[in-house]
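Colleague: Kindly generate the corresponding structure for this input.
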Amino acid sequence: MRNLVQIVSLFCFILISTSLSAQKFGYLNSQELIQNIPEVQEANSNLEIYRQQLAKQAQDMLAKLQTKYQDLEKKQAQGEISPKQLETEAATLKQEEQKLMEYEQSSQQKILEKSESLLSPIREKIQSAIDDVAAENGFTYIFDSGMGFVLYADSSTDVSDLVKAKLGL
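Modeller: Predicted coordinates:
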């Protein structure tokens, strides 16, 4: 029985080591790769412009709201408004304040959606290039050293230049 366990263990070890030696590994630094793609820089620029537009609208809304609060305080100080009118207008301003907060939250969501719509095709293009390089060169795995998961890799297994060439960089 003990011999059978040893034989099975030896067979498994040989099988695993044989299958591992047949695999080819490569790596690249995705962060470095992304920085070299002109479309990414353009998308980031467009995203920043969009973010600034939304922020400007929020600032305009805030300025109008602050003016309305100041006008209401002025009316109250001068006795031009009854307590009932003050209460009604204050409630209206609170609603506008709530709308402003909702706008700011929706703006963040819009920025995320815009980012996804701009960067998703670029990520797909990069992934397609990596897939092509892997298939053409027989790589079983390609790791991302930019994510900090590769602790050591022989520089001869760096596929960054192959992927850059596929992307036309």
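
Colleague: Below-threshold pLDDT in the chain: ranges please.
Modeller: Along the chain, the parts satisfying pLDDT under 70 run over 1-22, 151.

Colleague: helix or strand right after the helix ranked longest in it?
Modeller: Scanning the chain for the longest helix, with DSSP state H as the assignment, gives helix 83-137. Taking DSSP states H and E as the definition, the helix or strand that follows helix 83-137 towards the C-terminus is strand 141-144.

Colleague: so how many other residues sit close to Leu33?
Modeller: By the other C-beta atoms under 10 Å criterion, the neighbourhood of Leu33 contains 20 residues. The way it works is simple: take the backbone N, C-alpha and C, and place the C-beta from them, glycine included.

Colleague: In terms of helices and strands, where is it?
Modeller: helix 30-35.

Colleague: Show me what that helix is packed against.
Modeller: If contacts are counted by 3 or more C-beta pairs under 8 Å, 6 or more residues apart in numbering; DSSP states H and E, helix 30-35 sits against helix 83-137, helix 160-167.

Colleague: Next, the angle from the longest helix of the chain to helix 160-167.
Modeller: Regarding helix 83-137 and helix 160-167, their directions subtend 110 degrees when assessed with axes from the mean of the first three to the mean of the last three C-alpha atoms, to 10 degrees.
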